[in-house]
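Colleague: I'll drop the sequence and a predicted model, then ask my questions.
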Amino acid sequence: AQSVTQLGSHVSVSEGALVLLRCNYSSSVPPYLFWYVQYPNQGLQLLLKYTSAATLVKGINGFEAEFKKSETSFHLTKPSAHMSDAAEYFCAVSAGNSGNTPLVFGKGTRLSVIA
Amino acid sequence: EAGVAQSPRYKIIEKRQSVAFWCNPISGHATLYWYQQILGQGPKLLIQFQNNGVVDDSQLPKDRFSAERLKGVDSTLKIQPAKLEDSAVYLCASSFPTTGPGGWGYTFGSGTRLTVV
């Protein structure tokens, strides 16, 4: 079975500061890992995904994440926070090589950006 | 490409009433999911369809929830009777195989926000 744990339900950073959102996963098979962003009253938007092609994954809006198998982590980073980054962020895992399997989500981390 | 369409966007009902949600996935996406997202939590899978067949409904509260996907396209999710704890956003998603080493892609609708009073 797959699961993810997001460390920190709320993260607050200053505008221009580094954003670091933490995600650890558990999977019995090689995982596919995803980061989604959700703005108020909207659906989930894909930021980036890891599918075993490269351990450093670059996504939209300047975000990137690094897959570290030894640490079972897939932390999301952005060098410089912008006010528009304030949203809820979800890490998710699927059983990558098992075919069409559902995503299992973490509880989410709410990012606040302070001017 | 059109996204996953869901309706209604918002619904307020009294407890013990019934409610239905509708989802129209992206054309050609054989796999459809319904998720429940309670405020402050991540989405939780309720049911997965492959075409018009159920793949996984192990987390669907079958005493009050039901879902169907006729003809392998649109899907409806029904709650009868609703309880206060059913207040949540109900998200529909569809998935598709991607080219290269990408595995599967998932697209989510905007969701239906249900409030049970």
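Modeller: Everything's here; your move. On a predicted model such as this, the values are computed, not experimentally measured, just so you know.
Colleague: just for the chain, where's the confidence low?
Modeller: Chain wasn't specified; assuming chain A. A:96-99 (pLDDT under 70).
Colleague: right idea, wrong chain: chain B
Modeller: Looking along chain B with the criterion set at pLDDT under 70, you get B:1-2, B:98-103.
Colleague: Now with 50, please.
Modeller: Chain B contains no residues with pLDDT under 50.
Colleague: Get me the contact residues on it for chain A.
Modeller: B:4, B:31, B:33, B:40-45, B:48, B:50, B:56, B:91, B:93, B:95, B:97, B:100-106, B:108-111, B:113 (CB under 8 Å from any CB of the partner chain). In this view, the C-beta of every residue, glycine as well, is placed from N, C-alpha and C.
Colleague: Look up the closest residue to the residue in chain B positioned nearest to chain A, ignoring the ones flanking it.
Modeller: Going by CB to the nearest CB, chain A is nearest to B:G42 of chain B, at 3.4 Å. Once flanking residues are discounted, B:G42 sits nearest to A:F105: 3.4 Å by CB to CB, 6 or more residues apart in numbering or on different chains.
Colleague: okay, now the one you found: neighbour count?
Modeller: By other CB atoms under 10 Å in any protein chain shown, the residues close to A:F105 number 23.
Colleague: Tell me how far it lies from A:S3.
Modeller: 10 Å (CB to CB, to the nearest Å).
Colleague: what does A:Y39 give?
Modeller: Taken as CB to CB, the span from A:Y39 to A:S3 is 25 Å.
Colleague: Name the next helix or strand downstream of the helix or strand that contains A:F90, please.
Modeller: A:F90 is part of strand A:87-95, with elements assigned from DSSP states H and E. Note on strand A:87-95: by DSSP H and E, the next helix or strand toward the C-terminus is strand A:104-105.
Colleague: Show me what that next one is packed up against.
Modeller: strand A:3-7, strand A:87-95 (3 or more CB pairs under 8 Å, 6 or more residues apart in numbering or on different chains; DSSP states H and E).
Colleague: Output the set of residues of chain A in proximity to chain B.
Modeller: That would be A:9, A:32, A:34, A:36, A:41-46, A:49, A:51-53, A:90, A:92, A:94, A:96-97, A:99-108, which are the residues of chain A within reach of chain B (CB under 8 Å from any CB).
Colleague: which non-adjacent residue is nearest the residue nearest the centre of chain B?
Modeller: Central residue of chain B (CA atoms, centre = their mean): B:W34, 2.5 Å from the mean position. Among residues not flanking B:W34 along the chain, B:L46 sits closest, at 4.5 Å (CB to CB, 6+ apart).
Colleague: Can you list the buried residues in the helix or strand harbouring that neighbour?
Modeller: Element membership for B:L46, per DSSP H and E: strand B:44-50. For strand B:44-50, the neighbour count (16 or more other CB atoms under 10 Å in any protein chain shown) marks B:L45, B:L46, B:I47, B:Q48, B:F49 as buried.
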